[in-house]
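Visitor: Could you look at this predicted model? Sequence included:
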Amino acid sequence: METPAGPAPRVGSRLSRADHLGTFKVRWGMRRHDYAVAPGLYALGSPGPDSPVLASANYKLSFDHLRAACPGLDAWLLVLDTNGINVWCAAGKGAMGTAELVKRMDQARLDQVVSHRKIILPQLAAPGVAAHEVKRLTGFRVVYGPVRAQDLPAFLEAGRRASPEMRRVSFTTGQRAVLIPVELVGALRVYAWLLPAVVAVAGLAGLLGGPGFWAGVAGPGLRAAAALLLALAGGAILGPLLLPWLPGRAFALKGLWPGLAGALALWALWPHPAWPPGAELGAWLLAVPALSSFMTMNFTGASTYTSLSGVKKEMRRAVPPQIAAASAGLLLWLFAVFFA
Amino acid sequence: MPLQYLKDVTTLRANPELCLGCGLCLEVCPHGVLELRDQRVAVARQDDCMECGACMINCPAGALHVQAGVGCAQAVINSALGRTGDSCCCTIEPRDAQALPQADIGLAPPPKRKRPGCC
C-alpha cells in the first residue's frame, strides 16, 4: 500500500498454518532468537488517514498476536526494531523505547500518513517509553492500549478506554503452562551433558569396583538419571504449574515442595530397603529438592510479577543452601558409587 | 488465587508534592499499585510492585522513583558471572529516573543480535 514514505506491506489478521507452526516452534525454544519481522510501517486491512496507528515489537509472536486480535480492523501497524524481543522484555531493556519509537515514526513519515496525532502503544511498552517525551519530540500523543492484544477491539469500541481488567497483568495457569516447554528446553541444555556424565561415572565406578561397567550403568547410573528427571519434573513443570498453590512467596521455596515430593517418590520406589537410607539414596534426597528449588527460582524471569529487589533477596537466602545441598549430594553420591 | 511476591522489598517511592495529578502512572501500572488521593499520587499496594519502572519513566513531574529492573534470577546470575547480554533480560542494569529518557535519545543503533541466555 502506498504511503508518503514508500509502500507499506499489507497484512491480514488471519494467521496461516506457517504462522501457527512458527508459534509452536518458538514455544519449544526453536529459532526463538531469530523470529523477527522487518521493522517499519504495515497496513492491516485498508487503512486511511483517519485510521488508528498501533505500535508493536518486531518479535513475530508479538506481531502475530496483534494482527490476529483485530479481524476486520483497518489500522496502521508501526513495528519497532526490538531485536526480535517481545514488547515487555524489550521495554524493560529500553530497546522498545522512546528513541526507537520516535525514529520509526519519523522514518515512516507518520505525520503525513495520518491526519490525527495519536499513536496507540501496548501498555507493556510503558517501562521503555516516556509518553511526554514522545509528545514533545513528535507532537503525537501516546495512548496506552490494553495489556493483551485480544482486548484491543473492546478498547477501541469503548473510545480508546481500557477497563481496569485490561490494565492488569495476570499469570493464569494457561499462561504459565505455555511457558513450560521453554523452561524444559533450557534445562535440557544442561541435562544433555549431565545425564550422560553421571551414567558414565556410575559405569566407571562399576568397572573399577568389580561388577563391571554395564552393571554400574544399569544400577546407580539409571537411578541417578531417574532422580535427575524427577528434579526436572518438579522444578520445571510442577513448580510453574502449581505456583499459586505452593506454600511461600519466594520461588525457591515454592520449588522446594515438588522437589521434596520427588525425593519422597524416590524413597518409596527405591529398589533396596530405603530406611535407613544408604549413601546413594541419601545423596538424592539432598540433591533433588535443591535442583528443583533452583529450577523454579529460575522461573522468576518468566513470571509477570517478580521484582528485581525481591529476586536478589531470595537468591541471597536460597542460593547458598541450594549449592550446599547439591554439593553434599554430589560428594555423597560419589562416595556411594566408588566406595560403598 | 492472587499471586504476590516478597513483602517489603520493592524500592518504589512516591512524592505526592511533585505530582500534577495527571494519572498516567495509574494507567501504565500493570499491577494497580498506585492510586490518586486528593489528586496526588499515593502508593496503595506497595508489595504488588514489580519495579518495572513504567510509572517513573512516564511521570512528567518526577514524582515517582523506583530502582527499575527485571526480576529474573537468570539475569542476576549472568550479571554475577560477568556475562554480558543484549537487549534481552539477560543481565541486570538498574535504570534511573532521569537517566533513561535522555540517554535513550540519540542512542546508537541497537546492538547486533547475539544469542541471549534467557527470555
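Guide: Thanks, I have the structure now.
Visitor: which stretches of chain A have low pLDDT?
Guide: A:274-275 (pLDDT under 70).
Visitor: ok, now chain B?
Guide: Within chain B, the stretches with pLDDT under 70 are B:1, B:84-119.
Visitor: hmm, try it at 50
Guide: B:86-89, B:94, B:96-119 (pLDDT under 50).
Visitor: Break it into its domains for me.
Guide: Listed domain ranges for chain B are B:1-68, B:72-119 (source: automatic domain parsing).
Visitor: So which residues of chain B form helices?
Guide: Taking DSSP state H as the test, the helices found in chain B are B:24-28, B:54-57, B:73-80, B:99-104.
Visitor: right, so those helices: which one is the most enclosed?
Guide: Mean neighbour counts were compared across the helices of chain B using mean count of other CB atoms under 10 Å in any protein chain shown; the top stretch is helix B:54-57, at a mean of 29. All C-beta atoms are positioned from the backbone trio N, CA, C, and that covers glycine.
Visitor: what does that helix rub up against?
Guide: A:91, A:123, A:126-130, B:12, B:25, B:28-30, B:33-34, B:64-66, B:68, B:97, B:100-101 (CB atoms under 8 Å, 6 or more residues apart in numbering or on different chains).
Visitor: residues in the stretch 1-150 of chain A within reach of chain B, list them.
Guide: Listed as neighbours of chain B in the stretch 1-150 of chain A under the rule CB under 8 Å from any CB of the partner chain: A:33-34, A:81-86, A:89-95, A:97-100, A:102, A:123-124, A:126-133, A:137, A:144, A:147.
Visitor: Now list the buried members of those.
Guide: Buried members of the residues of the stretch 1-150 of chain A next to chain B, counted by 16 or more other CB atoms under 10 Å in any protein chain shown: A:33, A:81-86, A:89-95, A:97-100, A:102, A:123-124, A:126-133, A:137, A:144, A:147.
Visitor: ok, which stretches of chain B are strands?
Guide: B:13-14, B:34-37, B:40-43, B:64-65 (DSSP state E).
Visitor: Among those, show me which one is buried the most.
Guide: By mean count of other CB under 10 Å, the strands of chain B have strand B:64-65 as the most buried, with a mean of 21.
Visitor: ok, residues contacting it?
Guide: For strand B:64-65, contacts defined as CB under 8 Å, 6+ apart pick out B:Thr11, B:Leu12, B:Arg13, B:Ala14, B:Asn15, B:Cys25, B:Leu34, B:Val41, B:Cys55, B:Met56, B:Ala97.
Visitor: check contacts around the third one.
Guide: Looking back up the chat, that one is B:Arg13. Applying CB under 8 Å, 6+ apart, we find B:Arg13 in contact with B:Val43, B:Leu64, B:His65, B:Val66.
Visitor: So A:Pro211 versus chain B, what's the distance?
Guide: 39 Å (CB to the nearest CB, to the nearest Å).
Visitor: Look up the closest residue to that residue, ignoring the ones flanking it.
Guide: Spatially, and ignoring its direct neighbours in sequence, A:Pro211 is nearest to A:Gly219 (7.7 Å; CB to CB, 6 or more residues apart in numbering or on different chains).
Visitor: What is the burial count for the one you found?
Guide: Residues near A:Gly219, counting by other CB atoms under 10 Å in any protein chain shown, number 18.
Visitor: and it, which of the three is it?
Guide: Following DSSP: H, G, I helix; E, B strand; the rest coil, we place A:Gly219 in the helix state.
Visitor: how about it, what does it touch?
Guide: Applying CB under 8 Å, 6+ apart, we find A:Gly219 in contact with A:Ala202, A:Gly206, A:Pro211.
Visitor: Give me the distance between it and chain B.
Guide: 34 Å.
Visitor: A:Val114 too?
Guide: Distance from A:Val114 to chain B, counting by CB to the nearest CB: 23 Å.
Visitor: Phi and psi next, for A:Glu165.
Guide: phi -60, psi -40 (degrees, to the nearest 10).
Visitor: Neighbours of it, how many?
Guide: So A:Glu165, with other CB under 10 Å, has 11 neighbours.
Visitor: roughly how far apart are it and A:Asn86?
Guide: 21 Å (CB to CB, to the nearest Å).
Visitor: Okay, helices next: where are they in the stretch 51-200 of chain A?
Guide: Using DSSP state H, counting those that start in this stretch, the helices assigned to the stretch 51-200 of chain A run over residues A:60-68, A:87-92, A:98-107, A:110-113, A:131-138, A:152-157, A:164-167, A:173-177, A:180-209.
Visitor: which one of these is the most hemmed in?
Guide: It is helix A:87-92: most buried of those by mean count of other CB under 10 Å, with a mean of 28.
Visitor: Check the offset of that helix from the chain's centre.
Guide: What separates the centre of helix A:87-92 from the centre of its chain is 12 Å, taken as CA atoms, centre = their mean, to the nearest Å.
Visitor: Identify the residues contacting that helix?
Guide: Taking CB under 8 Å, 6+ apart as the rule, helix A:87-92 contacts A:56-57, A:59, A:62, A:80, A:82-83, A:96-97, A:122, A:124-129, B:52-54, B:68-70, B:87-89, B:119.
Visitor: I'd say A:Lys93 and A:Gly128 touch.
Guide: Yes. A:Lys93 is within contact range of A:Gly128, at 7.5 Å (criterion: CB atoms under 8 Å).
Visitor: Endpoints of stretch A:124-138, how far apart?
Guide: Terminal residues of stretch A:124-138 are spaced 21 Å apart (CA to CA, to the nearest Å).
Visitor: from the chain's centre, how far out does it sit?
Guide: 26 Å.
Visitor: Name the nearest residue to A:Leu207, ignoring sequence neighbours.
Guide: A:Phe213 (4.4 Å).
Visitor: Contact residues of the stretch 151-300 of chain A facing chain B?
Guide: Checking the stretch 151-300 of chain A against chain B by CB under 8 Å from any CB, the hits are A:162, A:164, A:167-169, A:171, A:186, A:243-245, A:249-251, A:297-298, A:300.
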